[in-house]
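In: Give me a 3D structure for the following:
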Amino acid sequence: MNSRNTTNNGALYRRFGVITVYAVFFLILVGGIVRSTGSGMGCPDWPKCFGTWVPPTDVSQLPEDYKTVFAVQGREIADFSPVKTWIEYVNRLVGVLIGFFVFLTLVFSFSYRKEDPIVTWCSFTAFVLVGFEGWLGSKVVSSDLHPVLITLHMLVALIIVGVLIYAVARSHKKELTYKDPHNIKTINKWLFGILMLSFLQIILGTQVRESVDIVAKSFDEQQRELWIDQLGWTFLVHRSFSILVLILNIVFVKHIFTGTEANHPSRFWSKVMLGLFGIVIASGAIMGHFAIPAFLQPVHLLLGSLIVGCQFYIALLVNHSKVLENTIAHDNKTFKQKNATA
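Out: Reported below is the predicted structural model:
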């Protein structure tokens, strides 16, 4: 009975873990919408919004001197916008919901605490990082959207995704029967390189996003076609760098296909990754030639995050046997210790 319950709880963890990973990607999308709509200071305080748990819907619900009352770093806030306020507030609500998701993932992970405690520890790490992410979000607001904190906020979200993907993938490992690629050392070198380049590209993208915010303060919406010319070198590097990253990923995928058997799942996810690259480059080109449409900005960010997620998952897939061997060694050691105690 206990064995059956453990198996059921493990299946529940794996299913819920996948849902949680997708939920974190959804939060990244919502965060992108906040940035693209300029709603980052829609709620000038944290965790409440304009001093209440349910934000106002009209300026008449605020005191006459609300700009001074809710000043950030001694500066008066902008005119109240119910749309921006509620976009930011919904972002916070989604963040809280993700926190519950990650907490439940941690609870379900206890079914692995004896079989593979690393799954539980990774789930706990993700839970702690979500709390840190919430605290960091409060600092972003209190700093009046400091660029460094915004970039760090984004990177922590990607780390949370990576930790969750590792935990969920590890919980599946005993069900998988495929072999590691025969050129695994070469593949791992390429993996490390493209992951670092992808992170760098995302950091450059956040800098471009910050430049867009600065330019938007000088030019109104009717002058969006002038924004691109004002973005400076970071935009040019980010745009050109994407071609290099794509070429290197194509070479990497070539190594995957030459080193794996036909049914190896890394082949499928490599195709997904290249497909995402094609879409993200197309979305970047559209933004560059059509005055940076606001609706494409969060989509572009989400696609970049999904690419990093795919790369990390491929890294786990091609190193499957190593992870499995370590787990078997751990199980054997535990089994011997129990017999010695008995």
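
In: can you pull out the helices in the stretch 1-150 of the chain?
Out: Counting by DSSP state H, counting those that start in this stretch, the stretch 1-150 of the chain has helices at residues 2-36, 66-69, 82-109, 117-142, 147-172.

In: any idea which of those helices scores lowest on pLDDT?
Out: In terms of average pLDDT, helix 2-36 trails the rest of the helices of the stretch 1-150 of the chain, at a mean of 81.

In: Distance check, residue 263 against residue 317.
Out: Using C-beta to C-beta, to the nearest Å, one gets 12 Å for the distance from residue 263 to residue 317. The C-beta positions use only the backbone N, C-alpha and C, and glycine is treated the same way.

In: Compare the two and say which one has the larger neighbour count.
Out: residue 317 (23 against 9; other C-beta atoms under 10 Å).

In: Next up, the contacts around the more buried one.
Out: Shown in contact with residue 317 (C-beta atoms under 8 Å, 6 or more residues apart in numbering): 169, 264-266, 269.

In: now do residue 284
Out: By C-beta under 8 Å, 6+ apart, residue 284 lies in contact with 239, 242, 300.

In: wait, isn't residue 68 in contact with residue 76?
Out: Yes. Residue 68 is in contact with residue 76 according to C-beta atoms under 8 Å; the separation is 5.9 Å.

In: Grab the nearest non-local neighbour of residue 37.
Out: With C-beta to C-beta, 6 or more residues apart in numbering as the criterion, residue 37 has its nearest non-adjacent residue at 5.6 Å, and that residue is residue 87.

In: how many other residues sit next to that neighbour?
Out: 20.

In: Considering the contacts of residue 284, which possesses the most neighbours?
Out: The residue in these with the most neighbours, by other C-beta under 10 Å, is residue 300 (24 neighbours).

In: Confirm for me that that residue is in contact with residue 282.
Out: No. In this structure, residue 300 is not within contact of residue 282 by C-beta under 8 Å, at 9.8 Å.

In: coming back round to it: looking at the contacts of residue 284, which are in helices?
Out: Judged by DSSP state H, the contacts of residue 284 include 239, 242, 300 as members of helices.

In: Let me know the average pLDDT across the helix or strand hosting residue 281.
Out: When elements are assigned from DSSP states H and E, residue 281 belongs to helix 265-289. Average pLDDT, helix 265-289: 89.

In: Also stretch 42-58?
Out: What stretch 42-58 shows for mean pLDDT is 90.

In: what's the answer for stretch 196-216, then?
Out: Across stretch 196-216, pLDDT averages out at 82.

In: quick one on the thing from earlier: let's have the contacts of residue 284 in CSV, adding pLDDT.
Out: What follows is the contacts of residue 284, written out as CSV (pLDDT from 0 to 100):
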residue, pLDDT
239, 81
242, 86
300, 89
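
In: Looking at these, which one is closest to residue 19?
Out: Closest approach between the contacts of residue 284 and residue 19, by C-beta to C-beta: residue 300, at 24.3 Å.
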